[in-house]
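Novice: Next input, structure requested:
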Amino acid sequence: MSDKILCLIPVGADGKLDRLSLECLGAASELKSATGASLAVGCIGKAPEVAIGACGAEQYLCVEGEAFQTPRYATDVSAAEKLVAQVGPTLVLAPSSSRALRFLSGLAVRTNGAVDTHITGLQLEDGAVVASRWFYRQRIETRISRKEANPWILSIESGVYASIEVGTEATFECIEAPEVNTRTKTVAEEATSGGDQTIRPDADLLLVAGAGWTKKQGDGSVKSDTASDLILDFVTKRKASLGSSKSMVDLSSEGQDVLPFLTHLHQIGQTGSTPRHSKGLATCCHGEEPHAVGWRFIKDRRAINLDGNCGWAHGKADVLYVADAFEVMGKVNALLS
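Specialist: Numbering: from 1, shown residues only. Down below sits the predicted model:
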């Protein structure tokens, strides 16, 4: 059993905490309750402007300074090392964000510890913490225990733990910032989207477009343009994220009609990403296995399919609407308007 836990949270210049960080605090709070260990929260950059006292930590520490508010390996790993030295934890939790994952391996080397990333579960067995994570596109679950690691550093995957309730104040103690070479500088920040934004990792709803959108419909015609309008209209109005099966994004190489806004970045499942939105709606899905694998962590899964006997829908969807996706989405968009 871990007798001291440190939750590492990088904080940007705006002082806000993203969903990943709040979920990581939730994981730390749950583990504290299960193990009876003491909990410390260590923030890098500045004390957050979000009241996070509900996590129940005994210590709230931060390494402040303008240099530490910018994502940079040298400053982040040095600040994290300082926090580990101050707390002396046996277990370190951090969010699986791009910023944290950049320096956690270096932190393990500097502190003579061990690191495991993308953790999807923490349990207590025989007095020891056991971590779970998935491999081979969520087909193999592994359970990891490192009794000799001190500290054991874990990054918590998104969508697994509930965020802590914000609103309870916490008093942070600022510790002396280490001296770090800051040769790497951020020149400017640029948005990743140049047009319609259809990939939203923090959206509460994921719409998955199946290959049926570009096939011949009941009247014998292909309605790719109508399909594009319906899908983009819904994603824009609902502020949803958009996903697709591999067969859908590969259609361009087969000389078939395509949805022009779909790329391989939208691909989910065994050959794409694993989304973790709270709700999912699959449209024109024809039993594609990638949906079944890629939706493992979505809690409310619904599908629209003309085939009432669709094996995927019966096996993996919580609710199946036996209907024409073109008609359903048209009415839904009208209601959203």
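Novice: Just give the number of residues close to residue 160.
Specialist: 19 (other CB atoms under 10 Å). Backbone N, C-alpha and C define where each C-beta goes, glycine included.
Novice: That one contacts residue 121, doesn't it?
Specialist: Yes: under the criterion of CB atoms under 8 Å, residue 160 makes contact with residue 121 at 6.8 Å.
Novice: ok, which stretches of this structure are helices?
Specialist: Assignment of helices within the chain using DSSP state H yields the ranges 19-35, 66-69, 73-87, 98-110, 224-238, 246-249, 289-294, 311-316, 325-336.
Novice: what is the rounded mean pLDDT of the second one?
Specialist: Mean per-residue pLDDT for helix 66-69: 90.
Novice: And stretch 90-105, by the same measure?
Specialist: Stretch 90-105 comes out at a mean pLDDT of 96.
Novice: Repeat that for stretch 128-145.
Specialist: Stretch 128-145 comes out at a mean pLDDT of 87.
Novice: now the end-to-end length of it.
Specialist: Start and end residues of stretch 128-145 are separated by 8 Å (CA to CA, to the nearest Å).
Novice: same deal with stretch 4-15?
Specialist: 26 Å.
Novice: Give me the buried positions along that stretch.
Specialist: Buried positions in stretch 4-15, judged by neighbour count with 16 or more other CB atoms under 10 Å: 4-12.
Novice: and the helices of the chain, which one is worst for confidence?
Specialist: helix 289-294 (a mean of 52).
Novice: returning to that earlier point: need the buried residues of stretch 4-15 in a markdown table with distance to residue 35 and pLDDT, can you?
Specialist: Output for these, formatted as a markdown table (distance: CB to CB, whole Å; pLDDT from 0 to 100):
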| residue | distance to residue 35 | pLDDT |
| --- | --- | --- |
| 4 | 10 | 94 |
| 5 | 8 | 97 |
| 6 | 13 | 97 |
| 7 | 13 | 98 |
| 8 | 18 | 98 |
| 9 | 20 | 97 |
| 10 | 24 | 96 |
| 11 | 26 | 95 |
| 12 | 30 | 88 |
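Novice: now, which of those residues sits nearest residue 62?
Specialist: residue 11 (7.7 Å; CB to CB).
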